[in-house]
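Got a sequence here, can you model it:
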Amino acid sequence: MKRRLVDLAHARSGDKGDTANIGLIALKPKDYPILVKQVTAARVARHFKGMINGPVERFELPNLHALNFLLHGALDGGGTVSLKTDAQGKVFSTALLRMEIEVKT
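Next comes the predicted model:
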């Protein structure tokens, strides 16, 4: 069954220069392995295709039941030089939570 990430996790995002940062945290510890398996760096890169120009890195934080993603080339140079509406990357977390993943019931 397909479910949106918003049903399994919450997220926060921000920036540093031209890189957006997204923290994805499982709502329930039992769902963390699903996030690890389904929410890969490659899949996040595809989800943001056309919005970012660089690679996506993923870091696992099992003690927090969380994943952290760095989206390089996401902010057209960053808050001080970008003409993007969201040059600080605040909405990337909301956009990621719209992604659908496969969940076994």
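
quick one: the strands in this structure?
2-4, 9-16, 19-26, 56-61, 66-71, 100-102 (DSSP state E).

Determine the set of other helices and strands touching the fifth one.
Contacts defined by 3 or more C-beta pairs under 8 Å, 6 or more residues apart in numbering; DSSP states H and E place strand 66-71 against strand 19-26, helix 32-38, helix 41-47, strand 56-61. For glycine as for every other residue, the C-beta is placed from the backbone atoms N, C-alpha and C.

Of the strands of the chain, which is nearest K49?
strand 56-61 (10.5 Å; C-beta to C-beta).

got any ranges where this protein has weak pLDDT?
Where the chain drops to pLDDT under 70, the residues are 76-90, 105.

want to throw the strands of the chain into TSV with mean neighbour count and distance to V36?
Listed next are those as TSV, based on neighbours: other C-beta atoms under 10 Å; distance: least, C-beta to C-beta, whole Å:
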stretch	mean neighbour count	distance to V36
strand 2-4	12	16
strand 9-16	18	12
strand 19-26	22	9
strand 56-61	15	6
strand 66-71	22	7
strand 100-102	14	11
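
would you turn those strands into TSV with distance to H47?
Below are the strands of the chain laid out as TSV (distance: least, C-beta to C-beta, whole Å):
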stretch	distance to H47
strand 2-4	12
strand 9-16	12
strand 19-26	11
strand 56-61	9
strand 66-71	10
strand 100-102	9
